[in-house]
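Participant: no sequence for this one, just the structure:
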């Protein structure tokens, strides 16, 4: 089995290296085959591994290959850890990844950096697999930083545009801030528990409550906020839409951004031990969910809307984590991977059809022209809005139920965020596909459905979005919640839903009713009234302006972080280095030279004075002699 | 045996290159010597795997009877690693030389570089304080002359400052060593003094706290200037910028390792109590230096100078790791020394290529090179990522261990030092973006394919960065054993 | 005490003469006079030597005076030779003119 | 007279004279006068030698110093035609400086040499050590080596004088 | 003693060569004489432990033999250096004999055991040098140098004599052993200490310790460069042996009375010399200040207060390293200056014209600066090591700072070598065989003894 796990991870790397080095000389189709094939093969092997895992006692498979970092007590192996959590994740990563690779063949067709693109994308899959499969926190960190790197590379894929490069850099640096948190968490973990390996840490009784648990949990969570775009480190994600759309689908929707959830679930013991950290995780998640949803309502870039939606959904997942609903959050990760990947791919299809246009103000009435895209996206939109029986409903409902049990206020926030989600998603859908076409006639002529290499993945994902909820049908409906029981082994302190069935029904009802109401509201506004996002921001009311400008967070960060740092740099270099230190050093030198000049001048050449000086010296010596 | 070879081989090269008859083929001869030296270093590395070859790795003769100084070399542990680095970097340095450089007496550059290699080999390999000092000081002369002869304008003052700084430091170090040397008489009944490293370790522990403090500061100043540790760094950026690029590589890739090596083996184990006493101060100084240099790097416009500050930030972290006097900190520092040597060589090599192809290294004047040469930009990116300690590159293991080590003493230290992780990414990516990315700037430079030698040098560096990132044990099995002795 | 004269007096006399010689060296510009003053200083010491010699009833002090005299003679001959040469070159032996070597 | 012995009287007078003439050496404006005063001073010093029973030295002092060296001085002065009545003098400041430094020097030195504590050692009567026999004995036994080696000094002086005096001929 | 006699005979023979017309063989003869003396030294070293001569006037023990060998070596190198100078010099005979006579004085100073021999040694050493300093007869600067040296030297001799007289007054003898005996007794009158101090002042004058150094820069600058080289080497070596002998051994009972003054003098001297040297423009003047600084550093051995073989070893090593480096530096400057004024500018761009010379100069200067692997380093090491044991440990800081300042002006000279010259001088530099030999031998000596100091530093065993 070790070989299988290794192959799962290394196949994408192999594809990446092949494409990276020889890609320029290979034909485009071969490049595409290599890239997709390697991930596809990985997917098949993942299924094999998944199946095999079911027969392993304890459902944990630890494959160690070699000792990686060794120092004193610290002994980090390079190895993989297949358990219930990671087995689910690798399926999602390789599965969804495979579909997106296929899609990309069509989407990136004839791009200059075709092979480079696939090389990066494969590299991403490789790092993502390391992230989830690593058998220690350090290995997880490898993947963690690696996916950050790939995200950087892919966001800045079209590197001629410095805007894109800025976005890429921003993503990387914000991730790095989070990574530092992760790094410090590991460092403290080692200091307190003497190991970073899952084999040691996940043994029951090793991690016990101490004052640093909260600190470790919060630092881990800092890492998660970076990777999963939570307040305060979320601003990179909307900017990250600069990359090719399949990238947004894979990295910034389906997989990488959910690494934070993976990490929290993996470290659930730390979080469960600390009430404070749980509260903070939940609160941050809730606020992010609402915050991003509000911003999304006034965006007009189709990908930005989806990006804020992703932030909001991730917030929802953290809200669930904060309530201890680990398995529910993972459930939502999976369903979200389906429908959000679908949404992005659909959006990509739209953009593809529009010839690169992303502004929904210039779209409209596209359902006739690109029906396949429309229908698949409709399914995804319904799924994300939480309408039963589509997948999103079940996962979201489970989270909200847990939150309700913990904190009514956060629940309210979650519900409002869900309603807003339904609103802005349908706003997007209506504005894009319904109504009449608002773009130029040239574009209109050009409109066409995407090739089948792009639509087939859409269809597959649409099916998954629709039926994905089956993985975790709630007990309320008489089914056994498969995913929750499957993940039981991973979670140390389980939280069972203690709500009565009535309450659950009511909550479910509220959520569905809210979503439907929002959809209706959106319908009224954008279909019936035919309202359009304004072109001129002067027409906005003041509160709309604030939302439109994303609460001025970017500007705030610029003013309170970047500029002070640059200023400090200038003080260090221009003032301290150049003036103070150099001044001290040069000043010493100049003083000595000055004294030297003066002392030199006492050799005036006249013998009488020389002898006087000598005699004076002798006199002084005589006086001083004892 | 091997140690002697490692030291004498460059010396022979140095002497041969000074002969008029070899001057025509200086480059080939120098490369031959550097290459063979690298092979010898590799052989030494291979020999370390066996227990039975120790006699080949160890040399111990009485050198100066009058002060009982020994010629005591042992090619093992950290010494081995640094010897390997030394051999590697000099090969790359020689490869990097362009025919247009060193137009006045190119043979002399090779000769001086070989002399410097020899001196640094001595510093890294010797276990005898006296010869350590001799080699330490000796290494200063060639690099000083290189800077003096081929530096950029203003070289006179800058090289003078550099020389004086390090010279003052090393004199203090010498004083500290002599002090310890006199106290080794207490170790045996006959009162025989010794310069041996292990004797120093014992003698240091016999000193009173005050004496230890004095020795500590004397040695610390000596090493800290070389590293350099804030605030003794003001020679460094100018010197790095002013040197010809090969000199910069020798300085940053190798010479400052001498300071770190000194801290690691000639300071912390010698006066551990004084280290404990002053640890707060010196570690905070080192960490301040990390932040300070990172921040200063942010505002640089000259890429070489930026790298100078970046290098200072990185070595500040290594110094902090060593001074933390923890197992992880020291292990990490040992690995990171090699890593830093490799990637800093790569980075300065890249600067060299900028100058070679475009004639400038001002960040503002460069741009869009990625459009012109994708392979080069990928190699540059990997080296750059190595420098910001991305996992699976060589920089990570060391930096991670250093932070772990720092955390053993104070969580705050590692947290603050960790900020460099972010700042490093900021200034590196910023400059990468400005230089390599974006559209082609409208200046009339071209950046065609790399020369074969440049390409292979960069490949070599990238190979080390990746290989040692994936398998750092290749170094740490040796360093770790070496350092574990200090904790017994 | 030599025949009722305390040895201190000889020392004092010697010191006074020595000092006068030294003052002469410092205060005069004429090189020849400076030489003379140096001779005076040497003679002052000779007094001291002879006095001690008599006090200790030891002849070596007086023998030493011979050597001092010889040395003085040698110095004078060399010195005057140099002075003559200087005079040949600049037609003067004023020490103020002999101060070209300076910083 | 005044309770002082002949020796003491003579010492006082001779000391006074030697100091006086020495001062004249320094203060006289003409170098020729200085030479003459110096010779006078040497005579008084020779007197002191006689007082100390160092007859041989007293004679040698006159013969060598006053007779030979001083004549050399005179020759040179005449050669250089320096027998003007006045010659350029140092500035008053320099003189004052020289005088005060000399005064301080004297003060400090006398202070140091004051309590010689050698009063326990006394000598009365006629000393024979200064006689030519005893001097010769010491000179040719104990001081034979210096006596021989001093020839080198004289040789050197001679060579030096020759070199200085020689004309530059190739 | 054999050396002394040989040199004496050589000197006299040299003096007679003009009369008997064998001037042609004078130069080889002198070299031969020095070589034979060296040979005698080795002979005597192997045979006996110490020979006393002439009723304790001289003591040719191992110390004297070792240091006289250094002196002989220095003068031998000096003769190699002076070959060019001799060719253009008319009074070759006088020069040769004066140098040899001066060497006799130096030999007396390393072997004296009596204040008489000390005095005679100092004078025999100095008087020929007075003449030699003035030997460039047409040059008023040279005349002035000789004159200044003479006046100030005689002035200092006055103090030496005064001191000797006072010590004689104390003990009734010039024999150092007896003086030592008297000094060990309780009631030593204060004038004895004054006498000791005066002797110290006179000797400090000879080795030019500030504030008795004023003659040094002027005389060094004015004299012909070969003479400067001679002055800066043999005088320092021989007088330092005298200082060591007197102030660490024979006058040791009075040690507490003068040691603090010595400390003060050293500090003052180091500061003055090094500071003044920084902005010099004349090479000889710069080396003059450098020599002052070196003398002060050597004087540190006195305050280190270690009265055993290691001090002697240290001094031997230091004088050797310093002498060889000095001769090397001076000879290179002589070649480069080509009989013109020795401003530092002549060194400009030398490296690109004549790299061999500049390598020699660099090694000489680095040795003076105390950089390994040159001999100068070990010399400095010895001093620091000795200080470490002394009660004046804080002087280490002073010594270090002085070293640093010292290296500044040596480096400034080195800097000049690499400075690009605007207008290359037309005349190419010619190096004679003698100079080649001298430079190579000196470099080899400096490096070999630097790498393998045992060769010298083990001369005196316990």
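Facilitator: Everything's here; your move. Just so it is clear, the structure is predicted and the values come from calculations on it, not from any experiment.
Participant: Which residues does the host helix or strand of residue A:595 contact?
Facilitator: Element membership for residue A:595 (DSSP states H and E) is helix A:582-601. Residues from elsewhere that reach helix A:582-601 (Cβ atoms under 8 Å, 6 or more residues apart in numbering or on different chains): B:161, B:234, C:103, E:271-272, E:274-280, E:405. Every C-beta, even on glycine, is put in place using the N, C-alpha and C of the backbone.
Participant: how about that helix: buried residues?
Facilitator: By 16 or more other Cβ atoms under 10 Å in any protein chain shown, the buried positions in helix A:582-601 come out as A:585, A:589, A:592, A:596, A:599-600.
Participant: just checking, residue E:354 touches residue E:435?
Facilitator: No - between residue E:354 and residue E:435 there is no contact under Cβ atoms under 8 Å: 11.2 Å.
Participant: Going by length in residues, pull out the top helix of the chain.
Facilitator: As the question left the chain open, I've gone with chain A. As assigned by DSSP state H, the longest helix anywhere in chain A is helix A:162-193.
Participant: my question was about chain E
Facilitator: For chain E, the helix with the greatest residue count under DSSP H is helix E:140-171.
Participant: and that one, what does it pack onto?
Facilitator: Helices and strands touching helix E:140-171, by 3 or more Cβ pairs under 8 Å, 6 or more residues apart in numbering or on different chains; DSSP states H and E, are helix A:607-624, helix C:7-27, helix C:31-56, helix C:60-90, helix E:115-133, helix E:176-184, helix E:190-206, helix E:215-222.
Participant: I'd like the distance from that helix to the chain centre, please.
Facilitator: 18 Å (Cα atoms, centre = their mean, to the nearest Å).
Participant: can I assume residue A:491 sits in a strand?
Facilitator: No - the assignment for residue A:491 (DSSP: H, G, I helix; E, B strand; the rest coil) gives coil, which keeps it out of a strand.
Participant: How many neighbouring residues does residue 144 have?
Facilitator: All of this refers to chain A. When neighbours are counted by other Cβ atoms under 10 Å in any protein chain shown, residue A:144 registers 31.
Participant: looking at chain E here, not the other one
Facilitator: Number of residues near residue E:144 (other Cβ under 10 Å) recorded here: 29.
Participant: which residues touch it?
Facilitator: So residue E:144 contacts C:86, C:98-101, E:218, E:222 (Cβ under 8 Å, 6+ apart).
Participant: Please identify which of these is nearest to chain A.
Facilitator: Chain A lies nearest to residue C:99 out of the contacts of residue E:144, by Cβ to the nearest Cβ, at 3.7 Å.
Participant: and that closest one, backbone torsions?
Facilitator: The phi/psi pair for residue C:99 (degrees, to the nearest 10) reads phi -130, psi 50.
Participant: Which secondary structure state does the nearest residue to it once chain neighbours are set aside sit in?
Facilitator: Among residues not flanking residue C:99 along the chain, residue A:605 sits closest, at 3.7 Å (Cβ to Cβ, 6 or more residues apart in numbering or on different chains). Classification of residue A:605 by three-state DSSP places it in coil.
Participant: close enough to count as contact, residue A:605 and residue E:217?
Facilitator: No - the pair residue A:605 / residue E:217 is not scored as a contact, 9.5 Å apart, by Cβ under 8 Å.
Participant: between those two, what contacts are shared?
Facilitator: Residues touching both residue A:605 and residue E:217 (Cβ under 8 Å, 6+ apart): C:101, C:103.
Participant: any idea whether residue B:70 is helix, strand or coil?
Facilitator: Three-state call for residue B:70 (three-state DSSP): strand.
Participant: beta partners for it?
Facilitator: Assessed by DSSP bridges, residue B:70 has beta-bridge partners residue B:62.
Participant: Quick check, pLDDT for it.
Facilitator: Residue B:70 is assigned 88 on the pLDDT scale.
Participant: How about the contacts made by it?
Facilitator: With contacts defined as Cβ under 8 Å, 6+ apart, residue B:70 is in contact with B:60-63, B:128, B:130-131, B:195-196.
Participant: Now list the buried members of the residues you listed.
Facilitator: By neighbour count, with 16+ other Cβ under 10 Å, these hold B:63, B:128, B:130-131, B:195-196 as buried.
Participant: buried sites along stretch A:396-410?
Facilitator: By 16+ other Cβ under 10 Å, the buried positions in stretch A:396-410 come out as A:396-407, A:410.
Participant: Could I get these in a markdown table, plus columns for pLDDT?
Facilitator: Rendered in a markdown table, the data for the buried residues of stretch A:396-410 read as follows (pLDDT from 0 to 100):
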| residue | pLDDT |
| --- | --- |
| A:396 | 87 |
| A:397 | 85 |
| A:398 | 85 |
| A:399 | 87 |
| A:400 | 87 |
| A:401 | 86 |
| A:402 | 86 |
| A:403 | 87 |
| A:404 | 87 |
| A:405 | 84 |
| A:406 | 83 |
| A:407 | 83 |
| A:410 | 88 |
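Participant: quick one: which of those residues sit in helices?
Facilitator: Going by DSSP H, the helices hold A:396-406, A:410 from those.
Participant: Pick the one among the residues you listed closest to residue B:7.
Facilitator: When those are compared for distance to residue B:7 (Cβ to Cβ), residue A:399 wins out at 67.8 Å.
Participant: Okay, strands next: where are they in chain E?
Facilitator: Per DSSP state E, chain E carries strands over the ranges E:51-53, E:58-60.
Participant: what's the least confident stretch among the ones you listed?
Facilitator: strand E:51-53 (a mean of 64).
Participant: the strands in chain A, which residues?
Facilitator: Secondary structure of chain A (DSSP E): strands located at A:61-71, A:74-82.
Participant: Please apply the same query to the stretch 301-450 of chain B.
Facilitator: Counting by DSSP state E, counting those that start in this stretch, the stretch 301-450 of chain B forms no strands at all.
Participant: which stretches of the chain have low pLDDT?
Facilitator: I'll assume chain A. Within chain A, the stretches with pLDDT under 70 are A:478, A:495, A:534-537, A:626.
Participant: oops, I was thinking of chain D
Facilitator: In the predicted model, chain D carries pLDDT under 70 at residues D:1-2, D:83-86, D:115-120, D:167-170.
Participant: tell me the centre residue of it?
Facilitator: With distances taken as Cα atoms, centre = their mean, the residue of chain D nearest its centroid is residue D:42 (5.8 Å).
Participant: Buried residues, the longest helix seen in chain B. List them.
Facilitator: Ranked by residue count under DSSP H, the longest helix found in chain B is helix B:327-358. By 16+ other Cβ under 10 Å, the buried positions in helix B:327-358 come out as B:327-358.
Participant: ok, now stretch A:517-534?
Facilitator: For stretch A:517-534, burial by neighbour count (16+ other Cβ under 10 Å) applies to A:518-519, A:522, A:525-526, A:533.
Participant: how deep is residue A:371 tucked in, by neighbour count?
Facilitator: Neighbour count for residue A:371, taken as other Cβ under 10 Å: 12.
Participant: you'd agree it is up against residue A:447?
Facilitator: No - contact between residue A:371 and residue A:447 fails when scored by Cβ under 8 Å: they sit 11.6 Å apart.
Participant: Around chain B, pick out the residues from the stretch 51-200 of chain A.
Facilitator: Taking Cβ under 8 Å from any Cβ of the partner chain as the test, the list of the stretch 51-200 of chain A residues beside chain B reads A:66-74, A:78, A:116, A:138, A:141-142, A:144-146, A:149, A:152, A:156, A:159-162, A:165-166, A:169, A:172-173, A:176-177, A:179-180, A:183-184, A:186-188, A:190-191.
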